[in-house]
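1. using only what follows, build the 3D model:
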Amino acid sequence: MNNAFTPPAFTGYFDEKKFIDAIMCFAKMRNSLNTLSHNLMYQLPRAAGPWTSPSDYHFTAYCLEVILRRHYAPFKPSLQTLKFTIPPSEIAELIFQAHQLPAEPIVKVCSYNRFLDAGRIIGRDENGKDSSLIKIVVDNNNWVQTAYPVSAPISNL
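-> Numbering: from 1, shown residues only. Next up, the predicted model:
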């Protein structure tokens, strides 16, 4: 399926009312999707109780989808590097645990790394070997961008 968007040809006529209506409709859909995304995170099982995110640490269902699509072994079994082999709820738990860890800046980028040793095998690193270390990348506002298993705390992966 091609997800490319081709804007309609400009006809020289601009209908401001239709434009404003479309923007308002989009805003309502965005709010509904944000609420759905927020509520979706509460469905992940957690031994420590309900999911609560510190106000200065942002981990969303959108981000979890990106992590699963790129770094969850069952989704792309042919590519076996930088892949989690643990369930999504455990990935999320590790990402939340890493909030307390110091973040180190990534050179020339407005992002930061956190590294957490899970103490058990969580996936495969960049060399395809078993790894217990997770790298979490956050932006300068502490929004989780991605996470994946690594062999060592290396900033440029």
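2. how about Pro88, what does it touch?
-> Leu44, Leu64, Leu68, Tyr72 (CB atoms under 8 Å, 6 or more residues apart in numbering). C-beta: built from backbone N, CA, C; applies to glycine.
3. with secondary structure and distance to Gln100 added, can I get those residues in CSV?
-> Output for these, formatted as CSV (DSSP: H, G, I helix; E, B strand; the rest coil; distance: CB to CB, whole Å):
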residue, secondary structure, distance to Gln100
Leu44, coil, 19
Leu64, helix, 19
Leu68, helix, 24
Tyr72, strand, 24
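4. kindly indicate which of those residues lies nearest His99.
-> Nearest to His99 among those, counting by CB to CB, is Leu64 at 15.0 Å.
5. quick one, what contacts the closest one?
-> Met41, Pro88, Ile91, Ala92.
6. measure Arg120 to Ala27 for me?
-> Distance of Arg120 to Ala27, computed by CB to CB, to the nearest Å: 44 Å.
7. what's the answer for Lys83, then?
-> Distance from Lys83 to Ala27, by CB to CB: 37 Å.
8. which of those two has more neighbours?
-> Neighbours per residue (other CB atoms under 10 Å) separate Lys83 from Ala27, with Lys83 holding more: 22 against 10.
9. does the more buried one have beta-bridge partners, and which?
-> Using DSSP bridges, the beta-bridge partners of Lys83 come out as Arg124.
10. using ChimeraX, define a selection of the buried residues within the contacts of Pro88.
-> Command for ChimeraX that selects the buried part of the contacts of Pro88, burial taken from 16 or more other CB atoms under 10 Å:
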select :44,64,72
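11. nearest residue to Val150 other than its sequence neighbours?
-> If the residues on either side of it in the chain are set aside, Val150 comes closest to Lys135, at 4.6 Å by CB to CB, 6 or more residues apart in numbering.
12. my reading is that the one you found lies in a helix. Confirm?
-> No - if the criterion is DSSP: H, G, I helix; E, B strand; the rest coil, then Lys135 is strand and not within a helix.
13. gap between it and Gln100?
-> 16 Å.
14. quick one, domains of the protein?
-> Domain assignment for the chain, taken from automatic domain parsing, gives 16-45, 61-150.
15. could you pull out the buried residues of the shortest one?
-> Within domain 16-45, the residues that qualify as buried by neighbour count (16+ other CB under 10 Å) are Met41, Leu44.
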